[in-house]
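[1] I'd like to go over a predicted model; first the sequence, then the structure.
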Amino acid sequence: MEIEQYEIEGLLSFIPRRFKDERGLFFESFNQNLFEEMVGRKVSFVQDNESHSKLHVLRGMHLQKPPFAQGKLVRVIKGKVIDVAVDIRKSSATYGQHVKVELSGENGRVLWIPEGFAHGFLTLEDDTIFNYKCTNFYHPQSEMSLCWNDSLLNINWEIENPTLSDKDSSAPKFEDFNSPFS
């Protein structure tokens with residue numbers, strides 16, 4: 001398995017070893033022991049989520065505040081996305097900075113986004129299937145979001161008018177955001 005670290009501490013991506021032959025493809029998409037070895041701590045996943053989206057759907061930037069914060073292990077089963085994680089840990093040297101990664105069914109890349117990050121993605125293909133494991137259960141009262149195209153975050157989504165939910169189109173600006181993560 002290939003591992004990539006980013007300039008923002010805590011974010012990691014993995015590219016599983018894939019075995020292709022005339023029958024198709026096989027790979028191990030998750031291994032608890034190997035994952036914990038790579039992130040350097042015990043991690044328990046309690047919920048798996050999956051979304052099916054049309055072309056140019058943007059979902060994000062989402063988070064849950066403590067004590068219901070979620071770490072997420074994300075991957076694309078089918079299609080392609082631009083995946084973005086924004087560091088919202090106030091004490092971090094990279095607070096407000098982001099990492100942008102292309103995930104696809106073809107490249108097989110898996111992204112680990114620990115607690116303390118806002119997360120979102122934009123679909124680049126129709127009928128994209130996005131899957132993620134969460135370290136905590138969904139808790140509606142703890143849900144928060146950030147404006148996807150906030151100028152302070154400076155995320156180049158490479159699109160002007162994605163399809164958004166009402167919630168995502170009215171998310172607060174970063175300057176008005178009071179991060180619950182120290």
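    All right, it came through fine.
[2] what comes up buried for stretch 171-182?
    By neighbour count on 16 or more other CB atoms under 10 Å, the buried set for stretch 171-182 is 171, 174, 177, 179-181. Where you see a C-beta, it was placed from the backbone N, CA and C, and this is true even at glycine.
[3] any idea which of the residues you listed is closest to residue 14?
    Taking CB to CB as the measure, residue 14 sits nearest to residue 181 out of the buried residues of stretch 171-182, at 23.8 Å.
[4] Might you calculate how far stretch 103-120 sits from the centre of the chain?
    Distance of stretch 103-120 from the chain centroid (CA atoms, centre = their mean, to the nearest Å) equals 4 Å.
[5] where do the helices sit along the protein?
    32-39, 166-169 (DSSP state H).
[6] what's near enough to touch the residue nearest the centre of the chain?
    Centroid-nearest residue in the chain, with CA atoms, centre = their mean: residue 119, separated by 4.7 Å. Shown in contact with residue 119 (CB atoms under 8 Å, 6 or more residues apart in numbering): 60-63, 72, 74, 83-86, 113.
[7] Filter the residues you listed down to just the ones in strands.
    60-63, 72, 74, 83-86, 113 (DSSP state E).
[8] picking up where we left off before, could you find the lowest-pLDDT member of the contacts of residue 119?
    Across the set of these, residue 60 stands lowest in pLDDT, at 95.
[9] so that one makes contact with residue 149?
    No: the pair residue 60 and residue 149 does not pass the contact test of CB atoms under 8 Å, sitting 10.7 Å apart.
[10] Give me the more crowded residue out of those two.
    Between residue 60 and residue 149, residue 60 has the larger neighbour count (other CB atoms under 10 Å), namely 24 against 19.
[11] hey, what's the nearest residue in space to that one that is not next to it in sequence bridged with?
    Sequence neighbours aside, residue 120 is the residue nearest to residue 60 in space, at 1.5 Å (criterion: CB to CB, 6 or more residues apart in numbering). Beta-bridge partners recorded for residue 120 (DSSP bridges): residue 84.
[12] tell me, how many neighbours does residue 120 end up with?
    24.
[13] what does residue 14 give?
    22.
[14] Hmm, residue 38 and it touching each other?
    Yes: counting by CB under 8 Å, residue 14 sits close enough to residue 38 to count as a contact (6.9 Å).
[15] residues in contact with the nearest residue to residue 103 once chain neighbours are set aside?
    Counting by CB to CB, 6+ apart, residue 103 lies nearest to residue 76, which is 4.5 Å off, once chain neighbours are set aside. By CB under 8 Å, 6+ apart, residue 76 lies in contact with 103-105, 128-131.
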